[in-house]
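**Q** Structure for the following, please:
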Amino acid sequence: MPQHPFPPLYDKNSKVLILGSFPSVKSREQLFFYGHPQNRFWKVIAAVMGSNTPATIEDKKNFLYSNKIALWDVIASCEITGSSDSSIKNVVPNDLTEILKTADIKQIFVNGKTAEKYYNKYIRHTIGKDAICLPSTSPANATFNIERLVAAWQIVKTYI
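**A** Residues are numbered from 1 along each chain as shown. Prediction:
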């Protein structure tokens, strides 16, 4: 059963926490968030923050820290076929308490319906915080083009 292979990204200045479901195969290979080139997360969040899209992992880390954005995933381990969210089973959730103790998180967001489903099932009741569900930046979410994603994700800025 795959384990989440890299740690959360946050510091004491983080104001928003964005949670995905579980890293894709490409992200697990790169050991960093949203590693698949077709995933639109980096383009969307950079556009929302009025920045250029960060290219390297180091650039992405610096971008997140400077914009007070924490990233993590809902799931610590699960059975999954490739990167298919619909194949996820036997979920073990991540523990968010260290992030919430360290940073003054104003709002938690989930990237897509799968992250929302598992957040609500395993985490919401233990930490007592609702998450706002944003449309998934995955290329599988074909109903949202980049412009619609950027518009929907603008809400992130209001909490930073």
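
**Q** in this protein, which spans are strands?
**A** Counting by DSSP state E, the chain has strands at residues 16-20, 69-73, 75-79, 89-93, 107-111, 131-134.

**Q** got JSON lines for these, with mean neighbour count, mean pLDDT and distance to Pro7 too?
**A** Just so you know, the C-beta spots here come from the backbone N, C-alpha and C atoms, and that holds for glycine as well. Output for the strands of the chain, formatted as JSON lines (neighbours: other Cβ atoms under 10 Å; pLDDT from 0 to 100; distance: least, Cβ to Cβ, whole Å):
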{"stretch": "strand 16-20", "mean neighbour count": "25", "mean pLDDT": "98", "distance to Pro7": "14"}
{"stretch": "strand 69-73", "mean neighbour count": "23", "mean pLDDT": "98", "distance to Pro7": "8"}
{"stretch": "strand 75-79", "mean neighbour count": "18", "mean pLDDT": "97", "distance to Pro7": "11"}
{"stretch": "strand 89-93", "mean neighbour count": "13", "mean pLDDT": "97", "distance to Pro7": "15"}
{"stretch": "strand 107-111", "mean neighbour count": "23", "mean pLDDT": "98", "distance to Pro7": "18"}
{"stretch": "strand 131-134", "mean neighbour count": "18", "mean pLDDT": "98", "distance to Pro7": "20"}
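
**Q** Ok, which of the ones you listed comes nearest Thr158?
**A** strand 107-111 (8.3 Å; Cβ to Cβ).

**Q** buried set for stretch 4-18?
**A** For stretch 4-18, burial by neighbour count (16 or more other Cβ atoms under 10 Å) applies to His4, Pro8, Leu9, Tyr10, Ser14, Lys15, Val16, Leu17, Ile18.

**Q** so where's this structure uncertain?
**A** By pLDDT under 70, the chain has no low-scoring segment.

**Q** Apply 90 and report the result again.
**A** For the chain, the stretches with pLDDT under 90 are 1-2, 83-86, 140.

**Q** Next, format the strands of the chain as CSV and append distance to Val150.
**A** Below are the strands of the chain laid out as CSV (distance: least, Cβ to Cβ, whole Å):
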stretch, distance to Val150
strand 16-20, 15
strand 69-73, 15
strand 75-79, 26
strand 89-93, 29
strand 107-111, 14
strand 131-134, 11
